[in-house]
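J.: any chance you could fold what I've pasted below:
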Amino acid sequence: MSIKRMSTIFNSSPNSDASGAPATDKEPPTLGQGAPKVLKDLREQIKKGSPLSFNTSTLSAIVDALGHKEAIDDRKLLLEHILAFISKLEDGKVSRALKTKIIQLLYNDLAHPAATSISNKYAWRTADGSYNNIDIPDLGKAGTPYSRSVQQTHPLPQNQLPDPGLLFDTLLRREDFVEHPGGLSSLMFSFAALVIHSVFRTSHRDWNINETSSYVDLAPLYGNSQADQDKIRLRDGRGLLYPDVFAEDRLLLLPPAVCVLLVLFNRNHNYIANKLLEINERGTFVDPATLSTDDPASKAQLVAQEEEIFQTARLVNCGWFGMVVFSDYFSTILGLVRDGSNWSLMPFDEMRNPDHSLFERGRGNVCSVEFNCLYRWHATTSREDEQWTQKVFGDFFAGKSPEQVTINDFRMAAHKTQQMQRNVKEWTFGAIKRGAGGEFKDADLANILHNATEHSAGAFRARGTPPVMRLNEIMGIEQNRKWGVCSLNDFRKFLGLKPFASFLEWNSDPEIADAAEKLYGDINHLELYVGLQAEEPKPLVDGAGLCPGYTISRAILSDAIALTRGDRYFTHDFTPYNLTAWGFADCQRDPNAFGFGSTLGRLLLRTLPNHFTENSVYTFFPLMTPESMKAILTNLGVIDQYDLSRPVERSPTVAINGYARVAAILNDKSGGFSAPYKARVTRVLNGPGFFPVEDDKDRQAIVSILSSPDLLEGIGEYFYETTKKLLSESSFKLVGGKVAGVDVVRQVIRFLPVHWVATDLAGIQLKTKDHPHGSYTPEELHDALGEIYAFIFLHVEASKVMVLETKVKGHIAKLLRLIKGGLRGTVGLRLTIPHVIGSVSSTFSKSKKHEYHDIVKRLYELGHSTDQLANTILALMVTSSVELVLAATNALNFYLGTNHLEKLSALVNADKKAQLDGYIYEALRLDPTFQGVFRISNKEQTVNGQTFKKDDRIFLDVGSANCDSAVFTNATGIDVERSTKDRLYADGIFNYLGEGLTLKIVSQILRGILEFKNIRRAPGQSGVLQRYKHSSRPELSYAYLDKDQAPSAWPTSMSIQYDCK
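T.: Have a look, this model is predicted:
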């Protein structure tokens, strides 16, 4: 092979022929760090015509560089260059070495064996944890033996070890209570107990057997076998659990906060299951009430649907559990909360080794006896939980002290308890009772959690375990000895830690060290169980929040990674397909969430919404005491963002459905009821001018201006022309060119109001192809206005209120700056036409500059200051944008595919001035933008026989009232001649823009669309407006899923087709 020939492989010109790179390869290929110098040296030798020394090391380094590159740009054809080069080498040592490297590289691209398999059998968790590793189905399965992690090298003969009771009384027994130095709450260790009991359940019959799975799969909720699982499932076709039940009986003997947490995960499962049915992503679910169990086919469909919803909801719920572990729990363990950090050690992602092979994950896990010893954290028991445990102890072993109770006594008591066990639906804890439907009262559950948050946990330390736990510790020591567990130093060496040379090094307290040395004699004889618990605790420093013994502190991190990264359902099969797109998004940890990325706060607000608040430390930092959080938040300078007080119960929202009551409250002028919007506006906007929340006089003045006939005509013409323009520009043609398609919602309707409010109201230049330096893209402005609208006028998920408030403040500040920039120099000159035209450039129509001038000039003539005028323009932008999108979308969707569409199309094509008002009224009556509105009762009062207390939050179901058959003839039918005198108008575009402008805009959008020939839905799901009934958002007629698969009030997509002319 000639030097010249080889040169073309490494340095081709843009015009090179087939022997070199193609013309598209305009840059030399780039490799991983270190590789460029090798290539450069090689290329320089080739250019100089120097003889080449093709030693194996040099050429292997070139190929090895491919393996280290994380994201190779394959358009640069580097691999092809390398393969071509190798193929032209003479057969020999060099070519064989390079060939070997290439084969290794390509082989390591894939996992061997495959990481997972398809079908529901592998997508869903089994009840007993089997098949987590498909190749070794029993790995980590419930009912299999513990594993051993560490080889015992120092002999620990049982007949030479100290008596377990003596060890407890000397090294472990609590003398006094010491608060946790990091300010951890009792609830932190209730959650820890839930994690620990998910993966450890030693059989009383055979201590070698772990009766639960070795995975973080919420086994205490779902059980360890199919029989356990069957006891808690409702099996009605909706995938639900019985209300507030769980499968793990052991937790009834723990402080009640542990059971409360399980109940919350039960409720979360049912919330998820309901949402999966509502959203129905794959379109296969039906209302279970429509399926008869008497029909074999219907029954089989019901069973299949039940199983799919249940199993998917379990996957999502376990995802939630895992995310709480790696957000709130780990943040507390690592002390990140003290720094206000949202960082998390998320171990699930795919990673590559230096040789390009896949770093192992999802291959299963088996809990070991060594790590069983790790989680004996009884020293952290709070004073209150110690007292609770003493009471339970007294009930079980009446008349006996902890010193008198034997292991045999314990076994007899456990057997007796199992014999007396009731149905899981009747289990109670913490002296609270179930209601008639099986649920616990929210107030009772919240009270237990609030108390556990306030109670300080104990510190890890020698002589810190409550005396009442004496038998538990004795049994633990005996178990360890029967398992043949290694010494503490063996365990430390296994972890790569320095072995202790003396007892004083293990615990610097001379009294503890001396006692341990006298009991054990040699530091290498210190057994793991006692050594872990009585080790000197880690001080409170950066990176430390849990502050256990040093060895525990290191080992729990290893165990957490093994438990989760080894779980196939948290790794390879943690996918949007298996969990559904919504479910996958729902259980993700949001690092930008309020409370430094809290996930547990979301769970509390979802399951106990009236007992936790949007900015409470009880909500977002329940694993820390409020007292400690006060100091932390003050130090971080964010104390003003949080409420330190204990949450007070709020009354649930009262729903009003009847026409008479809805009308009476909606039209109330006495001041008895008020809309909740003003309070939201004052949180994000200063000064007057946001007219929807001001008195009727101000609002009517704005509506009067917008109802001017000349303005209506100009605005209507703008929307008509812009609709046609956007629809034409956004369309694509099918093969053959006779049919065109367009996503009419995403690419047309969604941006129509945005262009208008930007150019004709606010004087804001949008960023487009023609104007690349604009302030917003149409999508960015749509999203910003949507977030402002949602924050002010809609119910926002409580966990997102504080973050959304910050975003909305930013949006408003930027918009007001741009609005005032457009008005600067204009208002002071009485809005002379040259100044206005100079500040605004209409994207679509030069004539629109005049309308901009008229609208703003007339607003200015109301006598408002510049600031108030800017706030008014902002209010118009917010109220004239996203809800108009919703109205136009609903109207079009309502008529698509119906006989009325043909009439409408014929009407608009026959007469450009035909009135469509009747069609719009009926579409938005039967498919309204919003189902209803909220009101606050300002006093105790009675309306039409229903009494309201002061501050009651009321939901008025305006949508159902407008379909009341007692008021409307043929209430659910379409009557375009129907009188509008009885129709109720909720807050929104009809009130804020006026009927005239609203009808004009929606009509002209429809007119612009229907003038295209043979408008119809696109085939399949593309032509369906994807939306669902959101049971927890009553104000929404329907909810949609945004680009992040999160629930949204705003439509996102619906495609149509039309015939090309």
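J.: secondary structure element for residue 921, which one?
T.: For residue 921, the host element (DSSP states H and E) is helix 917-926.
J.: where does residue 655 land in three-state SS?
T.: With DSSP: H, G, I helix; E, B strand; the rest coil as the basis, residue 655 sits in strand.
J.: contacting residues around the nearest residue to residue 328 once chain neighbours are set aside?
T.: Once flanking residues are discounted, residue 328 sits nearest to residue 600: 4.1 Å by Cβ to Cβ, 6 or more residues apart in numbering. (Each C-beta comes from the backbone N, C-alpha and C, glycine too.) Contacts for residue 600 were tallied using Cβ atoms under 8 Å, 6 or more residues apart in numbering; they are 191, 324, 327-329, 620, 622-623.
J.: give me the buried subset of those residues.
T.: 191, 324, 327-329, 620, 622-623 (16 or more other Cβ atoms under 10 Å).
J.: ok so, going back, centre of the chain to the helix holding residue 921, how far?
T.: Distance, stretch centre to chain centre, for helix 917-926: 37 Å (Cα atoms, centre = their mean, to the nearest Å).
J.: and the helices in the stretch 451-600 of the chain, which stretches?
T.: Using DSSP state H, counting those that start in this stretch, the helices of the stretch 451-600 of the chain run over 470-483, 488-494, 503-506, 510-520, 528-534, 550-565, 576-579, 581-586, 594-597, 600-607.
J.: reformat the ones you listed as a markdown table; add mean pLDDT and distance to residue 78.
T.: Below are those laid out as a markdown table (pLDDT from 0 to 100; distance: least, Cβ to Cβ, whole Å):
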| stretch | mean pLDDT | distance to residue 78 |
| --- | --- | --- |
| helix 470-483 | 95 | 54 |
| helix 488-494 | 97 | 43 |
| helix 503-506 | 98 | 54 |
| helix 510-520 | 98 | 62 |
| helix 528-534 | 98 | 52 |
| helix 550-565 | 93 | 32 |
| helix 576-579 | 96 | 32 |
| helix 581-586 | 97 | 34 |
| helix 594-597 | 96 | 39 |
| helix 600-607 | 98 | 45 |
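J.: among those helices, which is the most enclosed?
T.: Sort the helices of the stretch 451-600 of the chain by mean neighbour count, taking mean count of other Cβ atoms under 10 Å, and helix 528-534 sits at the top with a mean of 27.
J.: which elements pack onto that helix?
T.: In terms of contacts (3 or more Cβ pairs under 8 Å, 6 or more residues apart in numbering; DSSP states H and E), helix 528-534 is packed against helix 369-374, helix 470-483, helix 488-494, helix 510-520, helix 550-565.
J.: other SSEs contacting the third one?
T.: Meaning helix 488-494. Looks like helix 488-494 contacts helix 528-534, helix 550-565 (3+ Cβ pairs under 8 Å, 6+ apart).
J.: for the last one, C-alpha coordinates in CSV please.
T.: Spelled out, it's helix 550-565. Output in CSV follows, covering the C-alpha atoms of helix 550-565 (Å, rounded to 0.1, in the frame of the first residue of the first chain):
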residue,chain,number,x,y,z
TYR,A,550,-18.5,5.9,59.8
THR,A,551,-18.9,2.3,58.5
ILE,A,552,-22.7,2.5,58.2
SER,A,553,-22.4,5.9,56.5
ARG,A,554,-20.2,4.4,53.7
ALA,A,555,-22.1,1.1,53.4
ILE,A,556,-25.6,2.4,53.0
LEU,A,557,-24.6,4.3,49.8
SER,A,558,-23.2,1.0,48.3
ASP,A,559,-26.4,-0.8,49.3
ALA,A,560,-28.7,1.9,47.9
ILE,A,561,-27.0,1.8,44.5
ALA,A,562,-27.0,-2.0,44.4
LEU,A,563,-30.7,-2.2,45.3
THR,A,564,-31.8,0.3,42.7
ARG,A,565,-29.2,0.1,39.8
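J.: part of a helix, is residue 1056?
T.: No. Assessed with three-state DSSP, residue 1056 is strand; it does not lie in a helix.
J.: how far away is the closest residue to it other than its chain neighbours from residue 888?
T.: Excluding its sequence neighbours, the residue lying closest to residue 1056 (Cβ to Cβ, 6+ apart) is residue 744, at 4.9 Å. Per Cβ to Cβ, to the nearest Å, residue 744 is found 9 Å from residue 888.
J.: check residue 1022 too.
T.: 19 Å.
J.: try residue 203
T.: Using Cβ to Cβ, one obtains 64 Å as the distance from residue 203 to residue 888.
J.: looking at those two, which is more packed in?
T.: Counted by other Cβ atoms under 10 Å, residue 203 and residue 888 do not tie: residue 888 has more neighbours, with 31 against 13.
J.: that one contacts residue 1008, doesn't it?
T.: No. Judged on Cβ atoms under 8 Å, residue 888 makes no contact with residue 1008 at a distance of 10.1 Å.
J.: which residues do the two both contact?
T.: Joint contacts of residue 888 and residue 1008 (Cβ under 8 Å, 6+ apart) do not exist.
J.: still on that earlier bit, check contacts around the residue nearest to residue 1056.
T.: Applying Cβ under 8 Å, 6+ apart to residue 744 gives the contacts 727, 892, 1009, 1054-1056.
J.: again, but for residue 582
T.: Contacts for residue 582 (Cβ under 8 Å, 6+ apart) come out as 275-276, 279, 281, 1041, 1045, 1047.
J.: tell me the angle of the helix with the most length in the chain relative to helix 600-607?
T.: Longest helix of the chain, by residue count under DSSP state H: helix 296-324. Counting by axes from the mean of the first three to the mean of the last three Cα atoms, to 10 degrees, helix 296-324 lies at 140 degrees to helix 600-607.
J.: can you give me the helices in the stretch 751-900 of the chain?
T.: Using DSSP H, counting those that start in this stretch, helices in the stretch 751-900 of the chain cover 752-756, 778-793, 801-823, 833-839, 848-860, 866-879, 882-895, 899-910.
J.: comparing those by mean pLDDT, which bottoms out?
T.: If you rank the helices of the stretch 751-900 of the chain by mean pLDDT, helix 833-839 sits at the bottom with a mean of 40.
J.: all strands for the stretch 651-800 of the chain, in order.
T.: 654-656, 673-674, 732-733, 739-743 (DSSP state E, counting those that start in this stretch).
J.: show me the contact partners of the first one.
T.: Pointing back at strand 654-656 there. With Cβ under 8 Å, 6+ apart as the test, strand 654-656 has contacts from 662, 665, 946, 948, 952-957, 1034.
J.: what's around the residue nearest to residue 689 when sequence neighbours are not counted, how many residues?
T.: Excluding the flanking residues, the one nearest residue 689 by Cβ to Cβ, 6+ apart is residue 871, at 2.8 Å. Number of residues near residue 871 (other Cβ under 10 Å) recorded here: 24.
J.: residue 97 now?
T.: Neighbour count for residue 97, taken as other Cβ under 10 Å: 18.
J.: just the element for it, please.
T.: Here residue 97 is assigned to helix 93-107, by DSSP H and E.
J.: which parts of that helix are buried?
T.: Those would be 94-95, 97-99, 101-102, 105, for helix 93-107 by 16+ other Cβ under 10 Å.
J.: helix or strand right after that helix?
T.: Taking DSSP H and E, what comes next after helix 93-107 is helix 120-123.
J.: got the CA positions of that next one in CSV?
T.: Below are the C-alpha coordinates for helix 120-123, written out as CSV (Å, rounded to 0.1, in the frame of the first residue of the first chain):
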residue,chain,number,x,y,z
ASN,A,120,-46.1,-8.1,29.7
LYS,A,121,-44.6,-11.1,31.5
TYR,A,122,-41.3,-9.2,31.7
ALA,A,123,-42.7,-5.6,31.7
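J.: what sits up against it?
T.: By Cβ under 8 Å, 6+ apart, helix 120-123 touches 116, 131, 134, 308, 311, 315, 573, 578.
J.: rewinding a little: include distance to residue 259 when you put the helices and strands packed on helix 528-534 into JSON lines, please.
T.: Listed next are the helices and strands packed on helix 528-534 as JSON lines, based on distance: least, Cβ to Cβ, whole Å:
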{"stretch": "helix 369-374", "distance to residue 259": "22"}
{"stretch": "helix 470-483", "distance to residue 259": "19"}
{"stretch": "helix 488-494", "distance to residue 259": "32"}
{"stretch": "helix 510-520", "distance to residue 259": "35"}
{"stretch": "helix 550-565", "distance to residue 259": "22"}
